[in-house]
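Trainee: have a look; sequence and predicted model below, questions after that.
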Amino acid sequence: MTSPSSSGSGSGSAATPQPLDHRPVRRMSARAREEAHRVASPLELFFDLCFVVAIAQAGIQLVHAVAEGHAGEGILNYAMIFFAIWWAWMNFTWFASAYDNDDVPYRIVTLVQIAGVLVLAAGVSRAVEDHDFLFVWLGYAIMRSAMITQWLRAARSATGPERTMALRYAGGVLICLIGWLGLLVLPEAGRPWVFLVMGIAELCVPLYAEKDFATPWHPHHISERYGLFTIIVLGETIAAATVAVKSGADESDALGELLPIAAGGLLIVFSAWWIYFVVPIHGYLRSSRESFLWGYGHYLIFASAAAIGAGLEVAVEQAVGKAHISTLSASAAVTLPTALYLLTVWVLHARFFKVGIAQQAVLPTAALLVIVCTFLGDRAVLAAGTVSALAVAAGVVLTARMAKREEAVAG
């Protein structure tokens, strides 16, 4: 990962505007942080789409675990698998923001990373059901080895502190990859500890690598990449919920129970999209501290957004009698990730653009009310969706009133 802790291109950065170059192999030199019209590339969009396959597999296993009454174990497995997916995605995203030269080797190595995530996705069910992490580790190893290759290319084209930074990244990623072998060789009881220790180690690699030189990631490009991935994850949530409702409707006459879940789920997803994109976050990503917390914190945003879809599937299965859990548990599978999403978006995103106590209180209050909706029985999901939509409406009204007051003062 090109660390979100960096605030600029660093002292002595080699970032320069790159002229149009059609050679198949080019120097992997740093791109300019101030580069105009920087947008996500088609390769990056394809990369994101393939990652959602792995997210869908993690969500399916979460649904099975919760529906069978093993919520604690299911959430732990989901958190571990999702970390591997998210971390590999984020590493590529920040690296590409700083060094994407779009030549043939870069494209090939990126396609290798995509192959790695597909291998990881294929191993998710074995990891969760049989506690066999071989394919998950192998897929992660493919992705991370490709990332090491990218960093070595960057080091070859760099000099001084920039070259040292790139080599630190390559070495740190390699050491962590070896450390993850603990998932294969240690007893099952020790695997959560492997995850905890190695997860912390992975998060520390960018801090160590960039302590003397910061990579020139592009604020607008980064915010767009995170936004696009949020859309894709929310799209997967809609797809999963739609399939669940269709299956339930085909196999049961419980249409009266399914329609409130479908309506509430749709309101939740629409509101989640609105709340995330209502603020121009790229203007906020300037300092080291801000970008560090924002980039890492998106683990909770992405994981909770994907978990909403899994929760909707659980609610549908419970409504048609497939899941042998209580209505309260099925409702919590939707309301808790929804509340977490609202709260983390407020912490990382929205609060920096809110003025006054009323605006700041909208999302935290909505998160609390969504949790309360858990106890409303069969109408819990619809109530949570209504609360989410009302939060959007309240934000729009309060913003409009503030704008009107500012116009009156200016006039």
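Mentor: Cool, the structure landed.

Trainee: going by C-alpha atoms from here, please, whenever you check contacts or count neighbours.
Mentor: Noted.

Trainee: so which other helices or strands are in contact with the worst-scoring helix or strand of the chain on mean pLDDT?
Mentor: Within the chain, confidence by mean pLDDT, DSSP states H and E is lowest for helix 219-251 among all helices and strands, at a mean of 84. Judged by 3 or more CA pairs under 8 Å, 6 or more residues apart in numbering; DSSP states H and E, the packing partners of helix 219-251 are helix 42-67, helix 71-99, helix 255-277, helix 288-319.

Trainee: most packed of these?
Mentor: helix 288-319 (a mean of 23; mean count of other CA atoms under 10 Å).

Trainee: angle of that one against helix 42-67?
Mentor: If you take axes from the mean of the first three to the mean of the last three CA atoms, to 10 degrees, helix 288-319 sits at 50 degrees to helix 42-67.

Trainee: and helix 288-319, what does it pack against?
Mentor: When contacts are defined as 3+ CA pairs under 8 Å, 6+ apart, helix 288-319 packs onto helix 42-67, helix 71-99, helix 219-251, helix 255-277, helix 327-348.

Trainee: output the contacting helices and strands for the first one.
Mentor: In other words, helix 42-67. helix 71-99, helix 104-129, helix 219-251, helix 288-319.

Trainee: average pLDDT for it?
Mentor: The average pLDDT within helix 42-67 is 89.

Trainee: now the second one
Mentor: Mean pLDDT, computed over helix 71-99, is 91.

Trainee: got a list of what the residue nearest the centre of the chain touches?
Mentor: A centroid search over the chain (CA atoms, centre = their mean) returns residue 302, at 3.2 Å, as the residue closest to the centre. Residues in contact with residue 302, defined by CA atoms under 8 Å, 6 or more residues apart in numbering, are 230, 233.

Trainee: for residue 101, see how far away it is.
Mentor: 27 Å (CA to CA, to the nearest Å).

Trainee: re the thing from before, any chance of the helices and strands packed on helix 42-67 in JSON lines, plus distance to residue 352?
Mentor: Written out in JSON lines, the entries for those read as follows (distance: least, CA to CA, whole Å):
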{"stretch": "helix 71-99", "distance to residue 352": "23"}
{"stretch": "helix 104-129", "distance to residue 352": "34"}
{"stretch": "helix 219-251", "distance to residue 352": "15"}
{"stretch": "helix 288-319", "distance to residue 352": "11"}
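
Trainee: closest one to residue 358 among the ones you listed?
Mentor: For residue 358, the closest of these is helix 288-319, at 23.2 Å, according to CA to CA.

Trainee: just the element for residue 148, please.
Mentor: Element membership for residue 148 (DSSP states H and E) is helix 134-157.

Trainee: quick one: residue 374 from residue 302, how far?
Mentor: If you measure residue 374 against residue 302 using CA to CA, the figure is 22 Å.

Trainee: got it, and residue 123?
Mentor: Counting by CA to CA, the gap from residue 123 to residue 302 is 21 Å.

Trainee: next: residue 70.
Mentor: The spacing between residue 70 and residue 302, counted by CA to CA, is 22 Å.

Trainee: list the buried ones in stretch 101-111?
Mentor: For stretch 101-111, a neighbour-count test (16 or more other CA atoms under 10 Å) marks 101, 102, 103, 105, 106, 109, 110, 111 as buried.

Trainee: before we move on, what SS does the first one have?
Mentor: Pointing back at residue 101 there. Residue 101 carries the three-state label coil when classified by DSSP: H, G, I helix; E, B strand; the rest coil.

Trainee: you'd agree it is up against residue 25?
Mentor: No: with contact defined as CA atoms under 8 Å, residue 101 does not reach residue 25; the gap is 9.2 Å.

Trainee: re earlier: can you say which of the helices and strands packed on helix 288-319 is nearest to residue 201?
Mentor: helix 71-99 (12.0 Å).

Trainee: check the gap between the closest residue to residue 360 other than its chain neighbours and residue 402 for me.
Mentor: Ranked by CA to CA, 6 or more residues apart in numbering and with sequence neighbours excluded, the top spatial neighbour of residue 360 is residue 354, at 5.7 Å. Counting by CA to CA, the separation of residue 354 from residue 402 is 10 Å.
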